[in-house]
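**Student:** requesting a structural model of the entry that follows:
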Amino acid sequence: MSETIFSKIIRKEIPADIVYEDDLALAFRDVHPQAPVHILIIPKKVIVSIASATAEDATLLGHLLLIVKKVAIQEGLENGYRVVINTGEDGGQTVFHLHLHLMGKRLMTWPPG
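**Tutor:** Below is the predicted model of the structure:
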């Protein structure tokens, strides 16, 4: 498995606009936002994608969703938001380290594309 940009962000080797951090995860603003609020939530443990997650990761995956809720409140997304997990190339995943996109402050359309 090759190292990703997210590993470097976790180690603070490259800067990121971090909005939340704990022992298990990190949340930071996307550098190419697709909405007025676009934050990535990543586990510090390397999990390539949701497809490679195991039963042992269940608690961590739940923790990531609770961070989504916490950051959404922090960012004032009271009118709603979208959470996306791209998986694999066909799913639009470009960084192969599991990450959740939290997007809000605009009306989201369906289907997303």
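**Student:** buried stuff in stretch 39-54?
**Tutor:** Across stretch 39-54, burial judged by 16 or more other CB atoms under 10 Å covers 39, 40, 41, 42, 43, 44, 46, 47, 48, 49, 50, 53. The way it works is simple: take the backbone N, C-alpha and C, and place the C-beta from them, glycine included.
**Student:** now find how far off-centre that stretch is within its chain.
**Tutor:** Remark: stretch 39-54 is offset 8 Å from the chain centroid, using CA atoms, centre = their mean, to the nearest Å.
**Student:** who touches it?
**Tutor:** Residues outside stretch 39-54 that contact it (CB atoms under 8 Å, 6 or more residues apart in numbering) are 1, 4, 6-7, 9-10, 19-20, 23-30, 57, 60-61, 64, 67-68, 71, 75, 85, 87-88, 93, 96-103.
**Student:** in helices only, show me those.
**Tutor:** Under the assignment DSSP state H, these contribute 6, 7, 9, 10, 60, 61, 64, 67, 68, 71 to helices.
**Student:** out of those, who has the most neighbours?
**Tutor:** The residue in the ones in helices among the contacts of stretch 39-54 with the most neighbours, by other CB atoms under 10 Å, is residue 67 (24 neighbours).
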